[in-house]
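Participant: sequence unavailable; structure follows:
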């Protein structure tokens, strides 16, 4: 079996190892979160708007800080993730905070076997679609769980960023989807010194691939924006040029680092 054919098991192991580190990292600052900090970022908050009373499905939610933040904002929030360790931590946090946030552990593509509901909003953000080989299938999941007229809110790192090597010294990968990228990781973006080692399997997805997949599943694009910064300090060789905004030092504001999309399902 090729490693990419076993990507679910490989990535689940990697995310399980990462989760144990992330929960206790300064990057995720769980203590501040437990004390009331909203983990959602400004770009997605603008698109989400007032979520009071809205049913929201959060795809690939990691250990649930954003999902629980949505609950705190008045939403009826459901989060799903492949990592059983992450879902376990999400449930622990929700219980500790007394929110009614629901969590489901499964693969994105397998979600219809675990959930049969429709939502006002489907949401996913930052470092999610790179773990998925088939965006047409992903867009189908987004559409399937949305009510007619419901909106999909998506914030993601820009595919241009994923073209470079880890130190941003050279172009190493194809902008467009190519063969699976199989890498051995040491540490994690939230703690580069963490004593963990694991493999991960990913794919790059061009903006055109994302947009085409969503349009083909009956989604109308209502908003699309590109940003010349990352709201997370999760890359190497960065500088914080404004509070909470990070750029790659050699590139400054010359490359896009993230984008947001908001689409609405046709009625």
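Facilitator: In hand now; what should we look at? Bear in mind the structure is a predicted one, so any value in this text is a computation, not a measurement. Numbers count the residues shown, from 1 in each chain.
Participant: immediately after the strand ranked longest in the chain, which helix or strand?
Facilitator: When the chain is scanned for its longest strand (criterion: DSSP state E), the result is strand 146-157. As assigned by DSSP states H and E, the chain's next helix or strand after strand 146-157 is strand 181-186.
Participant: buried stuff in the following helix or strand past that following strand?
Facilitator: Note on strand 181-186: by DSSP H and E, the next helix or strand toward the C-terminus is strand 197-202. For strand 197-202, the neighbour count (16 or more other Cβ atoms under 10 Å) marks 198, 200-202 as buried. Yep, even glycine has a C-beta here, placed from its N, CA and C like the rest.
Participant: would you mind pulling the contact partners of strand 197-202?
Facilitator: 3-4, 6-7, 10-11, 13-14, 17-18, 130-131, 180-186 (Cβ atoms under 8 Å, 6 or more residues apart in numbering).
Participant: can you do 10 Å?
Facilitator: The contact list for strand 197-202, computed with Cβ atoms under 10 Å, 6 or more residues apart in numbering, reads 2-11, 13-18, 127, 129-133, 162, 173, 180-188.
Participant: which among the residues you listed end up buried?
Facilitator: 7, 10-11, 14-18, 127, 129-133, 162, 173, 181, 185, 188.
Participant: restricted to strands, list these.
Facilitator: Per DSSP E, the buried ones among the contacts of strand 197-202 map to strands at 181, 185.
Participant: next step: the buried ones among the contacts of strand 197-202 restricted to helices.
Facilitator: Of the positions in these, 7, 10-11, 14-18 sit in helices, assigned by DSSP state H.
Participant: wasn't residue 222 part of a strand?
Facilitator: Yes - if the criterion is DSSP: H, G, I helix; E, B strand; the rest coil, then residue 222 is within a strand.
Participant: thinking again about what came up before, and the ones in helices among the buried ones among the contacts of strand 197-202 as TSV, adding pLDDT and distance to residue 214?
Facilitator: As requested, those are arranged in TSV below (pLDDT from 0 to 100; distance: Cβ to Cβ, whole Å):
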residue	pLDDT	distance to residue 214
7	98	22
10	98	27
11	98	23
14	98	27
15	98	25
16	98	30
17	98	32
18	98	28
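Participant: looking at those residues, which is nearest residue 213?
Facilitator: Nearest to residue 213 among these: residue 7, at 18.5 Å, using Cβ to Cβ.
Participant: just the pLDDT for the closest residue to that closest one other than its chain neighbours.
Facilitator: Leaving aside its sequence neighbours, residue 7 sits nearest to residue 201 (Cβ to Cβ, 6 or more residues apart in numbering; 4.0 Å). Confidence at residue 201, expressed as pLDDT, is 98.
Participant: next: residue 86.
Facilitator: pLDDT recorded at residue 86 is 98.
Participant: do residue 1 as well
Facilitator: 79.
Participant: quick thing: my sequence starts at 33, can you match it?
Facilitator: Sure, I'll start numbering at 33, so the last one becomes residue 33.
Participant: isn't residue 298 up against residue 248?
Facilitator: No - using Cβ atoms under 10 Å as the test, residue 298 is too far from residue 248 to be in contact (11.9 Å).
Participant: common neighbours of those two, please.
Facilitator: Contacts common to residue 298 and residue 248, judged by Cβ under 10 Å, 6+ apart, are residue 175.
Participant: what about the chain, any weak spots by pLDDT?
Facilitator: Low-confidence segments of the chain (pLDDT under 70): none present.
Participant: swap in 90 and give it another go.
Facilitator: 33, 299 (pLDDT under 90).
Participant: can you give me the distance of residue 170 to residue 289?
Facilitator: 22 Å (Cβ to Cβ, to the nearest Å).
Participant: no, scratch that, I was asking about residue 248
Facilitator: From residue 248 to residue 289 the distance is 27 Å (Cβ to Cβ).
Participant: and what of residue 137?
Facilitator: From residue 137 to residue 289 the distance is 30 Å (Cβ to Cβ).
Participant: more neighbours, the two?
Facilitator: Neighbours per residue, other Cβ atoms under 10 Å: of residue 137 and residue 289, the larger number sits with residue 289, 23 against 18.
Participant: how about the contacts made by that one?
Facilitator: Counting by Cβ under 10 Å, 6+ apart, residue 289 touches 189-190, 192-193, 258-264, 267, 270, 277-280, 283.
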